[in-house]
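Enquirer: pasting a predicted model and its sequence here:
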Amino acid sequence: MIVRAPDRDQLRGQITGTKTVRTLSYPSRKTQRARFAEGAAEFERIEAEEVEVAVVDGVAQPMRIEALVHTPAGPNWLSHIPDFATLYANGERALVDAKRVWSDFRKPLGYKQTFLGQLAADMMGYRYERIILGSAGSDVRRRNINEVQAARFVHVPDHLAARAALILKAGGISLGHLSDLLHPANGRAMVFALMVRRLVEIDLDRPLGVNSECRAVPALPSAMPSIRH
């Protein structure tokens, strides 16, 4: 059984304060919502989803999975709230569980969560993913993600966003050149804000600099599924 919030958004609200892990609220420009996280691995994932153009939408704690399991001791209800549901630009959807280290998935709670997460993903036609702190990639990539997401709310006037789209339609352009064309002082931050808006794509696996190539983000398929239905 799958239980969702009435608005199909995050099922669980902000944190109760009963846990010892770090908790936070992250205002997302991409999803136009506050996203809540518990622990460093979840926060790292939220930042990565905010920046990566392969991600179209994301919901933290999207549902509760309940399953009646028959055991030698009798029937037993199991429940689990996955950490994320993610919609990718290729139309794939994923349920994601996050832990600090892989060994956490080998603990009894981790086994139960994996079982229920995979069960629900199979039932709904999703992919099931497990991630840990550092799954976002190399140190360079994580630093780049952090820098880009920090500019997510930088204002880019519509006429400048349209100018950037027109320039990128003609082919790749360097980050330095595109920044100069948008604004003499704030152009770099504007480019990063447009990446969060999925208008600009930059290789995050190399250090960001004036020579970093900026490309147009491919258009989405005409019909996309939803993680909110």
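Expert: Thanks, I have the structure now.
Enquirer: and Ala136, what does it touch?
Expert: For Ala136, the contact set (Cβ atoms under 8 Å, 6 or more residues apart in numbering) comprises 44-45, 47-48, 142, 145. C-betas here are computed from N, CA, C, even on glycine.
Enquirer: surely it forms part of a helix?
Expert: No. Applying DSSP: H, G, I helix; E, B strand; the rest coil, one finds Ala136 to be coil, outside a helix.
Enquirer: residues in contact with the nearest residue to it once chain neighbours are set aside?
Expert: With sequence-adjacent residues excluded and distances taken as Cβ to Cβ, 6 or more residues apart in numbering, Ala136 is closest to Ala48, at 4.4 Å. The neighbourhood of Ala48, defined by Cβ under 8 Å, 6+ apart, consists of 55, 136, 145.
Enquirer: the same query, at a cut-off of 10 Å, please.
Expert: 54-55, 58, 131, 135-137, 141-142, 145-146, 149, 204 (Cβ atoms under 10 Å, 6 or more residues apart in numbering).
Enquirer: can you give me the strands for the protein?
Expert: With DSSP state E as the criterion, the chain has strands at 2-3, 23-28, 33-38, 55-60, 64-71, 74-80, 84-88, 93-99, 127-132, 173-174, 200-202, 213-216.
Enquirer: got CSV for these, with mean pLDDT and mean neighbour count too?
Expert: Formatted as CSV, these follow (pLDDT from 0 to 100; neighbours: other Cβ atoms under 10 Å):
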stretch, mean pLDDT, mean neighbour count
strand 2-3, 91, 11
strand 23-28, 89, 16
strand 33-38, 89, 19
strand 55-60, 95, 23
strand 64-71, 91, 13
strand 74-80, 91, 11
strand 84-88, 96, 22
strand 93-99, 97, 23
strand 127-132, 97, 18
strand 173-174, 97, 16
strand 200-202, 98, 22
strand 213-216, 97, 17
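Enquirer: now tabulate the ones you listed in JSON lines and tack on distance to Ile167.
Expert: JSON lines is the format used below for the strands of the chain (distance: least, Cβ to Cβ, whole Å):
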{"stretch": "strand 2-3", "distance to Ile167": "44"}
{"stretch": "strand 23-28", "distance to Ile167": "27"}
{"stretch": "strand 33-38", "distance to Ile167": "30"}
{"stretch": "strand 55-60", "distance to Ile167": "23"}
{"stretch": "strand 64-71", "distance to Ile167": "46"}
{"stretch": "strand 74-80", "distance to Ile167": "46"}
{"stretch": "strand 84-88", "distance to Ile167": "26"}
{"stretch": "strand 93-99", "distance to Ile167": "32"}
{"stretch": "strand 127-132", "distance to Ile167": "35"}
{"stretch": "strand 173-174", "distance to Ile167": "6"}
{"stretch": "strand 200-202", "distance to Ile167": "10"}
{"stretch": "strand 213-216", "distance to Ile167": "9"}
